[in-house]
Every structure is written in structure tokens, then in C-alpha cells.
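Visitor: just to be clear, the model below is a prediction. Sequence and coordinates:
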Amino acid sequence: MNYNYHHRKIIKKFEGKTDEFTKLFSDSEIKILLLWAIIGPFCALGYIVWLKYPKLRLLSLIFFLANMIYFVGQLGGILYILPKANIILSRLFV
């Protein structure tokens, strides 16, 4: 068996896959993933609606506002729990 034959066969199989990957993760999609991960799902959905559907921008603003309420509630819950968790953790490690 010829090594070059198998090598060319493998290269031909994956040819164009890197182009698909770069098209999949453009700057816009990375921004959406970051918004989803850091702030919340409504923010990413609002961003998609804002970019793709100009007639539905009011709906996008509603998504952003709903997400801000969600994010503030989530942050408030975390800040409420942290002092109590610190007391519990300090008792565990003493």
C-alpha cells in the first residue's frame, strides 16, 4: 500500500472542512455565544433578532429588557448567597 495514496485520500475527505468551521464561527457568532454564556439566553436571542429581522427590533428590545431583569435577579441571588456560603465554608475548614 502506498502511503501517499492514503494520505491524499484522508486530505480529500477533510477538504473544505476548515472553511465550514471558519464560516460557522464568525465574529458575530462568537459575540452571540459570549452574550449567551455571560449575560443570558434572552440577550443572545435579542441580538440575533436585531441583526436578522429589522422589522422585529421592538421585540429584540423586549428581549434585552427581560434579560436585564433576569441578569439582575441572578446577580442579586449570587450576592445574597455568597456571604452565607463564606460562613459555611469557614466552618468546614476550621
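Guide: Structure received.
Visitor: other SSEs contacting the longest helix along the chain?
Guide: Longest among the helix segments of the chain by residue count, using DSSP state H, is helix 57-92. Helices and strands in packing contact with helix 57-92 are listed as helix 41-52; criterion 3 or more CB pairs under 8 Å, 6 or more residues apart in numbering; DSSP states H and E. Backbone N, C-alpha and C define where each C-beta goes, glycine included.
Visitor: dump the helix it packs on to PDB, keeping only the CA atoms.
Guide: C-alpha atoms of helix 41-52 as PDB (Å, rounded to 0.1, in the frame of the first residue of the first chain):
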ATOM      1  CA  PRO A  41     -30.200  33.500  26.700                       C
ATOM      2  CA  PHE A  42     -32.600  36.300  26.100                       C
ATOM      3  CA  CYS A  43     -29.700  38.700  25.300                       C
ATOM      4  CA  ALA A  44     -28.300  36.400  22.600                       C
ATOM      5  CA  LEU A  45     -31.800  35.900  21.100                       C
ATOM      6  CA  GLY A  46     -32.400  39.600  21.100                       C
ATOM      7  CA  TYR A  47     -29.000  40.100  19.300                       C
ATOM      8  CA  ILE A  48     -30.000  37.500  16.700                       C
ATOM      9  CA  VAL A  49     -33.400  39.100  16.100                       C
ATOM     10  CA  TRP A  50     -31.800  42.600  16.000                       C
ATOM     11  CA  LEU A  51     -29.400  41.500  13.200                       C
ATOM     12  CA  LYS A  52     -31.500  39.300  11.100                       C
END
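Visitor: so what does residue 53 have for phi and psi?
Guide: Geometry field for residue 53 lists phi and psi as phi -130, psi 90, criterion degrees, to the nearest 10.
Visitor: tell me, how many residues neighbour it?
Guide: By the measure other CB atoms under 10 Å, the count of residues near residue 53 is 11.
Visitor: if anything else comes up later, I'll come back, but that's it for now.
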